[in-house]
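Enquirer: Curious how this folds, go ahead:
(2 chains)
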2 protein chains.
Amino acid sequence: MRSINFITGAAGFIGSNLTDRLLYDGHKVIGYDNFSTGQEIFLKNASKNPNFNLLKGDLLDEPSLTKALKGVNRVWHFAANADVRFGIQHPKKDLEQNTIATANVLEAMRSNNVKEIYFSSTGSVYGEAQVIPTDEDCPFPVQTSLYGASKLACEGMIAAYCEGFDIKARVFRFVSILGERYTHGHIFDFVKQLKEHPNKLSVLGDGNQRKSYLYVQDCIEAMLFVSKELSNERALKYAAYNLGADEYCAVKDSIGWITKKMGLDPKLSFSGGDRGWIGDNPFIYLDTKKVRSLGWNNKLSIRQGIEKTVDWLLANDWVYSARG
Amino acid sequence: MRSINFITGAAGFIGSNLTDRLLYDGHKVIGYDNFSTGQEIFLKNASKNPNFNLLKGDLLDEPSLTKALKGVNRVWHFAANADVRFGIQHPKKDLEQNTIATANVLEAMRSNNVKEIYFSSTGSVYGEAQVIPTDEDCPFPVQTSLYGASKLACEGMIAAYCEGFDIKARVFRFVSILGERYTHGHIFDFVKQLKEHPNKLSVLGDGNQRKSYLYVQDCIEAMLFVSKELSNERALKYAAYNLGADEYCAVKDSIGWITKKMGLDPKLSFSGGDRGWIGDNPFIYLDTKKVRSLGWNNKLSIRQGIEKTVDWLLANDWVYSARG
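Expert: Below you'll find the model as predicted:
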């Protein structure tokens, strides 16, 4: 069935890749973005498609948002302040751009009688999980970042709207996503450093932090599996899914793959400690049995995803100036 | 050690009882309330105490709040939209009065270098718990009310501030609290109905909903035990405690105790269904081993707490006109 999809953050990393995929599958897409970090170039192909409509707008502008959602079947709410590291430098940013923005999306859905939402949450909602690999039903988490706290707040509101207003929702708890149009995170930073100074690399923490990643096309494929699950008549109103590769790597592994790909052998210096920044989690590895039970599996390994990302960053070095 | 305690919602049910107790123990108290539901009469005794200072202000007025927190040692953040039932009638209220208000409290603490906060959360953050009695580490909850979602959002921000800004926090997940100055909830509503029409009583749901309660003085005593635990040098930065009686009762039990206390035998009519309202939880019973391990036990049973509440409501029927 063709449907009208409303994608917030449509000009962002995941949002623009999803836009392309849904258009390819024959759906209509309305993109909504304030271009604070989104890039028009990511929507270059989409813009040529008659099934695509781009609206420049801010989620904090509730009247515009409400108007924009008219006639929509399904919301993919992916706009966010997406960087977990800088929360304590501007403590209200996650509240405003994630929590309050999501409240506005839910209200706009209610006004327009839109009954289906997919939400980009994060594995950071688990804080420093007591159970690893961490499954969706793990013990009640303690937040360690304002980013994770804001995404948890969003998840809670979405679930309450499902109960109160009879909407259906699927929440995706992502590991770090990699691939084409990736514009923030440690690979972005490492490649940037190495382009400027090929012989040295500064690393936050001791390099032993273990993290999981997922290639963006695998991520999108997983979301489409979940979307199909939701279309079942007996589907739960609300469910959360971990999305990640079934493996993890150390930051040092990642550095080895990046430098090899770039043909470099830089001198490494470590800031030390088992955390890269306040609120960093030294070990993130999500249990993804739930989404795999739907038939999905990632096609690319973490290493392959990292290599694709490096290729893309090297071929698109304009992203470094675009992001300042 | 005498300390300067800042109590938000100081004119409310729990806030005013805590104010009286801390003053009795020789502490200084700054009360902060916007009197949207708080009652000046609850602070009548406190106002005579030279250690008490009352500030009329709103938590959404961040500059006033920031000014008010100067010199404070400890915050008891109890101001809230406290009624779980009406969230879907005004979906932004819990976000504004709970989530955003709490963000402002945390920022005002940071500006003033205040390092200790106690927070009135709720057992509603467990949604419809998979495990009953529900302990603090139960499986990752799914929210069923905007009220619960907003309190969960507050808990998350508080925990992230502990990690990011080196503050210490204790979060209280209350069952329904009963006793003197109780001004909302099912006993309030039942007594009101019975005063107007002694021969009939309308009950939301089928009357079989099972809930737990705690008498307000027991609640305050428990919080003081937790406050003592936090003063230990090796105390965790952040912890959550369930506070409740070690029992539960059905709404029908509660009705029996209330009507007996009032000497009435009304005809009951039930709205039906196992929930009193959308988002109601048919069975709330918290595991309170964690707080009991500190040496605390409730002195009053649920029945005794309900009877004390009925006595107080009958002796203070002005609260019905005060609340409209």
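
Enquirer: drop to CA atoms for contacts and neighbour counts, all remaining ones
Expert: Fine.

Enquirer: how many neighbours does residue A:219 have?
Expert: By the criterion of other Cα atoms under 10 Å in any protein chain shown, residue A:219 has 25 neighbours.

Enquirer: cool, residue A:166 as well?
Expert: Other residues near residue A:166 come to 16 when the count uses other Cα under 10 Å.

Enquirer: And the strands in the stretch 51-200 of chain A?
Expert: Under the criterion DSSP state E, counting those that start in this stretch, the stretch 51-200 of chain A contains strands at A:52-56, A:74-77, A:116-122, A:168-174, A:176-178, A:200-203.

Enquirer: Residue B:271: which of those strands is closest?
Expert: strand A:168-174 (26.6 Å; Cα to Cα).

Enquirer: returning to that earlier point: and of the strands of the stretch 51-200 of chain A, who's closest to residue B:115?
Expert: Between those, strand A:116-122 lies closest to residue B:115; by Cα to Cα that is 28.5 Å.

Enquirer: is any part of that closest one close to chain B?
Expert: No: Strand A:116-122 is not in contact with chain B by Cα under 8 Å from any Cα of the partner chain; minimum separation 13.9 Å.

Enquirer: List the pairing partners of that strand within its sheet, with orientation.
Expert: Here strand A:116-122 is paired, per DSSP bridges, with strand A:74-77 (parallel), strand A:168-174 (parallel).

Enquirer: can I get those strands in JSON lines with mean neighbour count?
Expert: Compiled in JSON lines, the strands paired with strand A:116-122 are given as follows (neighbours: other Cα atoms under 10 Å in any protein chain shown):
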{"stretch": "strand A:74-77", "mean neighbour count": "22"}
{"stretch": "strand A:168-174", "mean neighbour count": "24"}
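
Enquirer: can you redo those strands as CSV with mean pLDDT?
Expert: CSV is the format used below for the strands paired with strand A:116-122 (pLDDT from 0 to 100):
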stretch, mean pLDDT
strand A:74-77, 98
strand A:168-174, 98
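
Enquirer: So which elements touch the helix or strand hosting residue A:29?
Expert: For residue A:29, the host element (DSSP states H and E) is strand A:28-33. Applying 3 or more Cα pairs under 8 Å, 6 or more residues apart in numbering or on different chains; DSSP states H and E, we find strand A:28-33 packed against strand A:4-8, helix A:13-24, strand A:52-56.

Enquirer: who's in contact with whichever helix or strand comes after that strand?
Expert: Next helix or strand after strand A:28-33 toward the C-terminus (DSSP H and E): helix A:44-47. Contact with helix A:44-47 is made by A:19, A:20, A:23, A:52, A:53, A:54, as judged by Cα atoms under 8 Å, 6 or more residues apart in numbering or on different chains.

Enquirer: out of those residues, who has the most neighbours?
Expert: Going by other Cα under 10 Å, residue A:19 tops the contacts of helix A:44-47 with 29 neighbours.

Enquirer: Stretch A:124-141 spans what distance, first to last residue?
Expert: In stretch A:124-141, first residue to last residue: 10 Å (Cα to Cα, to the nearest Å).

Enquirer: Let's test this: mean pLDDT of it, rounded?
Expert: For stretch A:124-141, the mean pLDDT works out to 96.

Enquirer: Stretch A:152-167 now?
Expert: Averaged across stretch A:152-167, pLDDT comes to 96.

Enquirer: how far out from the middle of the chain is that stretch?
Expert: Here stretch A:152-167 is found 19 Å from its chain centre; the criterion is Cα atoms, centre = their mean, to the nearest Å.

Enquirer: same thing with stretch A:128-144?
Expert: 19 Å.

Enquirer: now do stretch A:178-188
Expert: The chain centroid and the centroid of stretch A:178-188 are separated by 11 Å under Cα atoms, centre = their mean.

Enquirer: If you count neighbours, what's buried in that stretch?
Expert: Residues A:178, A:179, A:180, A:181, A:182, A:183, A:187, A:188 are the ones in stretch A:178-188 that count as buried (16 or more other Cα atoms under 10 Å in any protein chain shown).

Enquirer: quick one: the helices in the stretch 151-300 of chain A?
Expert: A:186-196, A:216-230, A:251-262, A:289-292 (DSSP state H, counting those that start in this stretch).

Enquirer: any idea which of those helices is most buried?
Expert: helix A:216-230 (a mean of 19; mean count of other Cα atoms under 10 Å in any protein chain shown).

Enquirer: Okay, the residue nearest the centre of chain A and chain B: tell me how far apart.
Expert: What sits nearest the mean C-alpha location of chain A, by Cα atoms, centre = their mean, is residue A:120, with 5.6 Å. Counting by Cα to the nearest Cα, to the nearest Å, the gap from residue A:120 to chain B is 16 Å.

Enquirer: can you list the domain ranges for chain A.
Expert: Domain segmentation of chain A under automatic domain parsing yields A:4-177+A:215-243, A:178-212+A:246-322.

Enquirer: quick one: which of those domains is nearest residue B:79?
Expert: domain A:4-177+A:215-243 (18.8 Å).

Enquirer: quick one: the closest one to chain centroid distance?
Expert: Worked out by Cα atoms, centre = their mean, domain A:4-177+A:215-243 lies 8 Å from the chain centre.

Enquirer: Now do the end-to-end distance for that domain.
Expert: Using Cα to Cα, one end of domain A:4-177+A:215-243 lies 24 Å from the other.

Enquirer: And for stretch A:268-277?
Expert: Per Cα to Cα, stretch A:268-277 runs 18 Å from first to last residue.

Enquirer: ditto for stretch A:171-191
Expert: 31 Å.

Enquirer: Just give me how far that stretch sits from the chain centre.
Expert: On the basis of Cα atoms, centre = their mean, stretch A:171-191 sits 8 Å off its chain's mean C-alpha point.

Enquirer: between the contacts of helix A:44-47, which is nearest residue A:29?
Expert: For the contacts of helix A:44-47, the nearest to residue A:29 is residue A:52 (5.0 Å; Cα to Cα).

Enquirer: Just list whatever residues bridge to residue A:117.
Expert: Legend: beta-bridge partners of residue A:117 under DSSP bridges are residue A:75, residue A:169.

Enquirer: residues contacting it?
Expert: Here residue A:117 is in contact with A:74, A:75, A:76, A:77, A:167, A:168, A:169, A:170 (Cα under 8 Å, 6+ apart).

Enquirer: so how far is residue A:235 from it?
Expert: Relative to residue A:235, and taking Cα to Cα, residue A:117 is found at 14 Å.

Enquirer: Let me know which of the helices of the stretch 151-300 of chain A is the nearest to chain B.
Expert: Nearest of the helices of the stretch 151-300 of chain A to chain B, taken as Cα to the nearest Cα: helix A:289-292 at 14.8 Å.

Enquirer: Check which helices and strands that closest one is in contact with.
Expert: strand A:238-243.

Enquirer: If we use 10 Å, what do you get?
Expert: Helix A:289-292 sits against helix A:216-230, strand A:238-243, with contacts defined as 3 or more Cα pairs under 10 Å, 6 or more residues apart in numbering or on different chains; DSSP states H and E.

Enquirer: I'd like the strands of the stretch 51-200 of chain A as TSV, with distance to residue B:42 appended.
Expert: Output for those, formatted as TSV (distance: least, Cα to Cα, whole Å):
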stretch	distance to residue B:42
strand A:52-56	51
strand A:74-77	45
strand A:116-122	43
strand A:168-174	43
strand A:176-178	51
strand A:200-203	57
